[in-house]
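**Q** Generate coordinates for the sequence data below:
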Amino acid sequence: MSGFLLKLLRESTGLTQTEFAELLGVDQTTVYGWESGRRPLAHLRAGDLTRLRMLLTRHGAPPHALALIGDALEADLIIGDTVSISPAAIHTQTHPLAVSVHQRTLANLITWPLTGHPPAQLADLADHRGHGPRPSSPVISADDRRLFFDHLLDVADRCQWPDDGLLRRQAIYLLGFDDHTESADWLTSELTRAQQATSDTDTQGSLRVRSSAIALAATGDRDPLRAYLTHLDEAQAQANLTYYAYWVGELPGGVLDDHAMIRADPADWSGQRLLRHLLDRLQPGTDQADLYVHTLADLIASHPHLLTTNPALREATRTAVDRMNADTDLMAQARQNLANVAYAVRLSSR
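**A** Modelled structure (predicted):
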């Protein structure tokens, strides 16, 4: 990921590989090695990596894309360790998926070579790479892809202790991107185990159910996610809302576990970024449509100022509600949530 990101950044400046190499004082083959992934950027000394970033900045590389280099390096490490190291050889507490709660940008970088979809911050760069038979995203071989998912399945299946919850949950999320029936079958069984192990008042346990349900929704089965939404109590609904706020970057990253993440006070984050994220994803027929609608209703209820102080966001919310009302596959609860949001929009317009 970091090499492909470097290629996008260099191309955004208009510099050729030769020009870029000359400015850095290295051979063109070195730049090619970085961009192709054959010479990992992670092997650079911190000072050399800083100089590389400064050069890109000086020549006009977009700051929002430059900011992803650190996450891209972490994504490389996560995928590299997952593909190359036996699951049994990695202690669960030091596994790269067990270090901290992932946010959307890092997760999207990890899944980029699996889905071909770049993080939102890179969409413009990825769409303007010129013509010719060049990869449009980082490439992972079929063999490495299989090793990646086999490793995740093994790790998720072995991590049964409560202290392994973060590793298990994040492995489950990534397994939702596997198109093999073995993973889908395992996720179905895991959902049953999670439901049996989670009491009605277990907020952290509900996140385990949530991850399994979202992963299954990605495979086309929306029923588990709907069941999860049906049984949410107030505390669990708040945990879902806070998790989404953390996911999109409303809260600082680097949180070490789910418990610390869900303790965040809603008053500590504005909600604007989350609202924009949800409105972008409120499209009829999407696999998480019911969850997006539910989260939107909870967000508006906890942050009513989003509609009263920002006419543009209010109008965008109105448009999204109208668009989602055309979705004939929404669950009844989601339709009620849409009605509640529509009512809030009308009130805020007065």
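
**Q** C-terminal to the helix or strand bottoming out on mean pLDDT in the chain, which secondary structure element comes first?
**A** When each helix and strand of the chain is scored by mean pLDDT, DSSP states H and E, helix 123-127 comes last, with a mean of 75. Next in sequence after helix 123-127, counting helices and strands by DSSP states H and E, comes helix 142-158.

**Q** what does the average pLDDT come to for the next helix or strand after that following helix?
**A** Downstream of helix 142-158, the next assigned helix or strand under DSSP H and E is helix 165-175. For helix 165-175, the mean pLDDT works out to 94.

**Q** which residues are contacting helix 165-175?
**A** Helix 165-175 is contacted by residues 92, 95, 97-98, 101-102, 107, 110-111, 149, 152-153, 155-156, 159, 183, 186-187, 190, 204, 207-208, 211-212, 214-215, 257-258 when judged by CB atoms under 8 Å, 6 or more residues apart in numbering. (Glycine included, C-beta is placed from N, CA and C.)

**Q** Out of those residues, name the ones that lie in helices.
**A** Judged by DSSP state H, the contacts of helix 165-175 include 107, 110-111, 149, 152-153, 155-156, 183, 186-187, 190, 204, 207-208, 211-212, 214-215, 258 as members of helices.

**Q** Name only those of those residues that count as buried.
**A** Buried by 16 or more other CB atoms under 10 Å: 107, 110-111, 149, 152-153, 155-156, 183, 186-187, 190, 204, 207-208, 211-212, 214-215, 258, out of the ones in helices among the contacts of helix 165-175.

**Q** secondary structure element for the closest residue to Arg39 other than its chain neighbours?
**A** Distances taken as CB to CB, 6 or more residues apart in numbering put Gly33 closest to Arg39, at 3.1 Å, once the chain neighbours are dropped. Under the criterion of DSSP H and E, Gly33 resides in helix 28-36.

**Q** following that helix, which helix or strand shows up next?
**A** On the C-terminal side of helix 28-36, the closest following helix or strand by DSSP H and E is helix 46-58.

**Q** Does that next one pack against any helices or strands, and if so which?
**A** Packing partners of helix 46-58 (3 or more CB pairs under 8 Å, 6 or more residues apart in numbering; DSSP states H and E): helix 2-13, helix 17-24, helix 63-66.

**Q** I appreciate the help and will end here.
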